[in-house]
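Asks: quick one, fold the following:
(2 chains)
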2 protein chains.
Amino acid sequence: MKESIPRKTVYRLSLYKRCLDRLPPGESVTVSSEALAKVAGVKPTQLRKDLGYCGQFGKRGLGYEVATLRQRLADELGRTSLQPVVLVGAGNLGSALLRYEDGFAKEGFEIAAAFDAQPKKRSREVRTPVYPLSRMGRYIAEHDVKMAILCVPGVAAQEMCNNLVAAGIQAILNFAPIVLQVPAKVMVNNVNLAIELENLSYFIR
Amino acid sequence: MKESIPRKTVYRLSLYKRCLDRLPPGESVTVSSEALAKVAGVKPTQLRKDLGYCGQFGKRGLGYEVATLRQRLADELGRTSLQPVVLVGAGNLGSALLRYEDGFAKEGFEIAAAFDAQPKKRSREVRTPVYPLSRMGRYIAEHDVKMAILCVPGVAAQEMCNNLVAAGIQAILNFAPIVLQVPAKVMVNNVNLAIELENLSYFIR
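Replies: As a prediction, this is how the structure comes out:
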């Protein structure tokens, strides 16, 4: 069942949930697909198709009950708050993300531990425990961690990725500027800030 | 001309360029579309279609000359190193990004200035100059800045976005967890770390 919802649709379901959370409380008992689509920046047809994956519950012409829709989305997306995450590579960007831990915590994610080639140096800079890379595999296995944030330089990323996968990691949020080669069962989402900026600057020249 | 290349294609062109930069120097005179596609994590047909936007220069069966292809991509994507960027909202994530300035600089972007409601407090934490929000419009106009990174909380994001657009900003890298409503001429790329993590955790349950 789960696998039948496309990845991009799951993104947008997350987005719709956040849009609903931001509607003015009380006054919005129902919301039309047009209004919600506008807030989410998608076409109404796209929204209706996406919500179709969560079952039939909009009434034609009446819109969606906000409370019901919010609950359906939350049920579908599930609780993520119990999901511990490890971070690998506490250099420039990695330690920046570790300092952003309050922001992650608010969204239900906890960076349980970080791993770096220079754990002592990094430990002075952040509150999250930073361990040597040699402890990574055992930590992941012992704590049954399934998700990792990868922030090592490009040259080290594939090897570190292989280590993560071997240790049992199933999903990687990759900030390293390379395309990781992983087994089909492992999910990778890429965040490449340089490419985002390059993409924007291309269009404004 | 420019506008005829789809946004997602421009993303992938950036990606191909980075993949070429990472080929072992010297030994790769040519690269097949299959090999480059694998490194980039796309299908060969996708790669060939994307490169078609940069003109015809692959010879069937012979692959691409690495140096030529790299130059074409660089020409197409243009120099981005002269593109100054301002950052708005130097809180948790914003100041994390400011501390990552070396990483941006390496990719050819300079965060010229940051703007925040508490400029004095933020200035103690980062090297980039942090100015009060009241100076933002004038700074953007005077320095002819076209790109902004938006890191304010969701509730403040739309208003700040409106101010940026009014000041002349044409492209926004948005980290605020809302969908910004902008005029058609303004480009917005969204980076939502919470949604990336939620998306991953959905698929590993």
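Asks: which strands or helices does the helix or strand of chain A with the lowest mean pLDDT pack on?
Replies: Using mean pLDDT, DSSP states H and E, helix A:101-106 stands out as the lowest-scoring helix or strand of chain A, at a mean of 77. Applying 3 or more CB pairs under 8 Å, 6 or more residues apart in numbering or on different chains; DSSP states H and E, one finds that helix A:101-106 contacts strand A:110-116, helix B:92-99, helix B:193-204. C-beta: built from backbone N, CA, C; applies to glycine.
Asks: any chance of the ones you listed in CSV, with mean pLDDT, distance to residue B:37 and mean neighbour count too?
Replies: Below are those laid out as CSV (pLDDT from 0 to 100; distance: least, CB to CB, whole Å; neighbours: other CB atoms under 10 Å in any protein chain shown):
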stretch, mean pLDDT, distance to residue B:37, mean neighbour count
strand A:110-116, 93, 32, 22
helix B:92-99, 84, 32, 23
helix B:193-204, 84, 24, 21
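Asks: for chain A, just list every one of the strands.
Replies: A:30-31, A:64-65, A:84-88, A:110-116, A:130-132, A:147-150, A:171-174, A:187-190 (DSSP state E).
Asks: the most centrally placed residue in chain A and residue A:184: what is the separation?
Replies: With distances taken as CA atoms, centre = their mean, residue A:173 lies nearest the centre of chain A, 7.1 Å away. Here residue A:173 is placed at a distance of 18 Å from residue A:184 (CB to CB, to the nearest Å).
Asks: same check, this time on residue A:178
Replies: Relative to residue A:184, and taking CB to CB, residue A:178 is found at 19 Å.
Asks: higher neighbour count, the two?
Replies: For residue A:178 versus residue A:184, neighbours defined as other CB atoms under 10 Å in any protein chain shown are more numerous around residue A:178 (24 against 5).
Asks: ok, now which ones touch the more buried one?
Replies: A:154, A:157-158, B:18-19, B:22 (CB atoms under 8 Å, 6 or more residues apart in numbering or on different chains).
Asks: contacts for stretch A:131-146?
Replies: A:83-86, A:88, A:112-117, A:119, A:148, A:160, A:163-164, A:166-171, B:201, B:204.
Asks: and the residues you listed, which are buried?
Replies: Buried by 16 or more other CB atoms under 10 Å in any protein chain shown: A:83, A:85-86, A:88, A:112-116, A:119, A:148, A:160, A:163-164, A:167, A:169-171, B:201, out of those.
Asks: make sure residue A:111 is actually in contact with residue A:83.
Replies: No. Between residue A:111 and residue A:83 there is no contact under CB atoms under 8 Å: 10.8 Å.
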